[in-house]
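**Student:** sequence unavailable; structure follows:
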Ligand SMILES: N[C@@H](Cc1ccc(O)cc1)C(=O)O
């Protein structure tokens, strides 16, 4: 069936600077400032209207959110034609997870949403009083989906306009200040779709819900704060040191080419679980209905742009489709030419990864790129390296500051050890529940607090690797066949070691015995239940380190290719190295 909607992304609008190639997706912290009031007002009104559309309309908030999972219905004429050939395989949605297509699949997903927002905003702008209209029309042309930079210092918790305020102040179409119910806070289902399982039948989306189904803003703030350092260091390591598409793109371990940093998907999975808990964001079947989803994915997309600026020439390499999707058969090959269904780019075809290599071709860019010549790959790389270092860098890595000052100016190749925990576990280890592998590092002198207090103890908890799990996987034949699929993620230790122990260096002679004694782990289900590592056979927590070198003239430390595995640190313990 031909599509009713062709996905173009937002179009037009004046770029913010002479070098910028398109209008900006703004940081949500800037987006809510008074100076961006016109765009904020238009965004709120546009979101309201998209949310008000009938849930079976192609352009409704519900239908677009539903691309990610339930109601497991075809969207915009995509996929029905293959139904006949797949009769035995129940529908399982379109979203690509655990494969090389994870980053590029979500790219047109966000610009579809952005296109719908802009279309509404343009219509809304026409309703403003004459004397304001031109300014609102310009703002609508420049309107893009804002991003939530969960990796940035002091921004790991989104602003109150996203997580807290029940009402927001905007300028209404009559030109006067008005108060609106905040559509960024939640989506109200109309109605709750019959396909939703019993534990997702709340009337609205909820974040880290309490037992009675209320948003738990305090809990959300706490968990995001607690993980803020870990998220930042993971993001920094991924940006700098994920050297190929396969390891950058997705959370499936690759034994042939072991990774030493988290994938973009793994970092993304954690954010889903932190925000959702047992609520919508914590389960791929319903995550797309929370209005925070697009703020999150705009940032995933931005991190992809930053990574590609640091690693020019790298893009989608061929991989396995793993469980597949409704439109992509399981265990098939996918590559840069695989159709990113259901995102039509013409009435006969789909966006492909090859067509989404440059954000600005789809009508948007990020503030970090505003003052660079985008055609000069070297300049882009240099500027973005500095940006990444400033935003997420040395403080988090605690590396450059640990090199002796003179070592940074002489060519004597100083080296230091960069310590990392690798976590591997079966994605479905706890059936259909999302879960976290929590890591703790005890302080040397402290007497240890009671086990149940570990997570609350700020000098103890160091980060998590999280499984973002489809609770309906038993309804999906492909998923059942892929029950054993593993996921992998990494938590970096140097900052935590430095904060807890006074060693002269990160040399294994000091660090190895310390970690052996003090690194501990537990699992926790989305509902808060603690699970003993001994009960999860697939869990494997391993410590590795890479030696970083800072050759003369290098901007950033360079890790040695080969990681060194310190298997003895965790071997012999439940969930340790096997
Ligand atoms: N490819 C990046 C941005 C980029 C543009 C130009 C470069 O030289 C490098 C990177 C994107 O995803 O949008």
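**Tutor:** Received it, and whenever you're ready, just let me know what you need. In this text the structure is predicted, and so the values were computed from the model without any measurement.

**Student:** now the residue in the stretch 101-250 of the chain that the ligand sits nearest to: how far from residue 359?
**Tutor:** Across the stretch 101-250 of the chain, no residue is closer to the ligand than residue 107, which sits at 8.1 Å (Cβ to the nearest ligand atom). Every residue, glycine included, has its C-beta placed from N, CA and C. Taking Cβ to Cβ, to the nearest Å as the measure, residue 107 and residue 359 are separated by 8 Å.

**Student:** overlap in contacts, these two.
**Tutor:** Taking Cβ atoms under 8 Å, 6 or more residues apart in numbering as the contact definition, residue 107 and residue 359 share the neighbouring residues residue 301.

**Student:** chain neighbours aside, what residue packs nearest to residue 181?
**Tutor:** Distances taken as Cβ to Cβ, 6 or more residues apart in numbering put residue 167 closest to residue 181, at 6.0 Å, once the chain neighbours are dropped.

**Student:** what about the one you found, how many neighbours?
**Tutor:** Residue 167 has 11 neighbouring residues, counting by other Cβ atoms under 10 Å.

**Student:** which per-residue confidence value corresponds to it?
**Tutor:** For residue 167, the model assigns a pLDDT of 98.

**Student:** now the helix or strand containing residue 542, how far from the centre of its chain.
**Tutor:** Residue 542 belongs to strand 540-549 when elements are defined using DSSP states H and E. The chain centroid and the centroid of strand 540-549 are separated by 23 Å under Cα atoms, centre = their mean, to the nearest Å.

**Student:** list the helices and strands that strand packs on?
**Tutor:** Packing contacts for strand 540-549, counted by 3 or more Cβ pairs under 8 Å, 6 or more residues apart in numbering; DSSP states H and E, involve strand 415-426, helix 508-518, strand 519-525, strand 558-559, strand 564-565.

**Student:** what's near enough to touch residue 393?
**Tutor:** 236, 556.

**Student:** against residue 261, how distant is it?
**Tutor:** Computed as Cβ to Cβ, the residue 393 to residue 261 distance reads 14 Å.

**Student:** try residue 322
**Tutor:** Taking Cβ to Cβ as the criterion, residue 322 is separated from residue 261 by 21 Å.

**Student:** which residue of the two possesses the greater neighbour count?
**Tutor:** Applying other Cβ under 10 Å to residue 322 and residue 261 shows that residue 261 carries more neighbours, namely 26 against 22.

**Student:** skipping its backbone neighbours, what lies nearest the more buried one in space?
**Tutor:** The spatially closest residue to residue 261, leaving aside those adjacent along the chain, is residue 237, at 4.1 Å (Cβ to Cβ, 6+ apart).

**Student:** helix or strand for the one you found, which one?
**Tutor:** Once you assign secondary structure using DSSP H and E, residue 237 falls within helix 228-241.

**Student:** what about that helix and the ligand, touching?
**Tutor:** No - figure legend: helix 228-241 not in contact with the ligand (Cβ under 6 Å from any ligand atom); closest approach 12.4 Å.

**Student:** also stretch 316-336?
**Tutor:** No - using Cβ under 6 Å from any ligand atom, no contact is recorded between stretch 316-336 and the ligand, whose separation bottoms out at 11.9 Å.

**Student:** what's the mean pLDDT across that stretch?
**Tutor:** Rounded to a whole number, the mean pLDDT of stretch 316-336 is 89.

**Student:** and it, how far out from the chain's middle?
**Tutor:** Counting by Cα atoms, centre = their mean, stretch 316-336 is centred 20 Å from the centre of its parent chain.

**Student:** list the buried residues in that stretch.
**Tutor:** Buried positions in stretch 316-336, judged by neighbour count with 16 or more other Cβ atoms under 10 Å: 316, 319, 321-330, 334, 336.

**Student:** next: stretch 515-526.
**Tutor:** Neighbour-count burial for stretch 515-526, with 16+ other Cβ under 10 Å as criterion, is recorded at 515, 518-526.

**Student:** now residue 238: how far from residue 263?
**Tutor:** Residue 238 sits 7 Å away from residue 263, going by Cβ to Cβ.

**Student:** likewise residue 226?
**Tutor:** Summarising the geometry, the distance separating residue 226 from residue 263, computed by Cβ to Cβ, is 22 Å.

**Student:** hey, where'd the helices end up in the stretch 251-400 of the chain?
**Tutor:** Assigned by DSSP state H, counting those that start in this stretch, the stretch 251-400 of the chain shows helices spanning 264-276, 292-310, 377-392, 394-397.

**Student:** could you dump those helices to JSON lines with mean neighbour count?
**Tutor:** Conversion of those to JSON lines gives the following (neighbours: other Cβ atoms under 10 Å):
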{"stretch": "helix 264-276", "mean neighbour count": "25"}
{"stretch": "helix 292-310", "mean neighbour count": "23"}
{"stretch": "helix 377-392", "mean neighbour count": "17"}
{"stretch": "helix 394-397", "mean neighbour count": "20"}
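
**Student:** CSV for those helices, including mean pLDDT and distance to residue 177?
**Tutor:** Putting the helices of the stretch 251-400 of the chain into CSV (pLDDT from 0 to 100; distance: least, Cβ to Cβ, whole Å) gives the following:
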stretch, mean pLDDT, distance to residue 177
helix 264-276, 98, 30
helix 292-310, 98, 24
helix 377-392, 94, 34
helix 394-397, 52, 40
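
**Student:** and those helices as JSON lines, adding distance to the ligand?
**Tutor:** Formatted as JSON lines, the helices of the stretch 251-400 of the chain follow (distance: least, Cβ to the nearest ligand atom, whole Å):
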{"stretch": "helix 264-276", "distance to the ligand": "12"}
{"stretch": "helix 292-310", "distance to the ligand": "4"}
{"stretch": "helix 377-392", "distance to the ligand": "4"}
{"stretch": "helix 394-397", "distance to the ligand": "23"}
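
**Student:** ok, back up a step: residue contacts, the residue nearest to residue 261?
**Tutor:** Contacts were defined as Cβ under 8 Å, 6+ apart; by that measure residue 237 touches 260-262, 397, 420, 490, 492.

**Student:** pLDDT at it, what is it?
**Tutor:** According to the model's per-residue confidence, residue 237 sits at a pLDDT of 94.

**Student:** again, but for residue 481
**Tutor:** In the prediction, the pLDDT value recorded for residue 481 is 69.

**Student:** where does the stretch 351-500 of the chain come near the ligand, residue by residue?
**Tutor:** Proximity of the stretch 351-500 of the chain to the ligand is confined to 357-359, 374, 377, 380 under the rule Cβ under 6 Å from any ligand atom.
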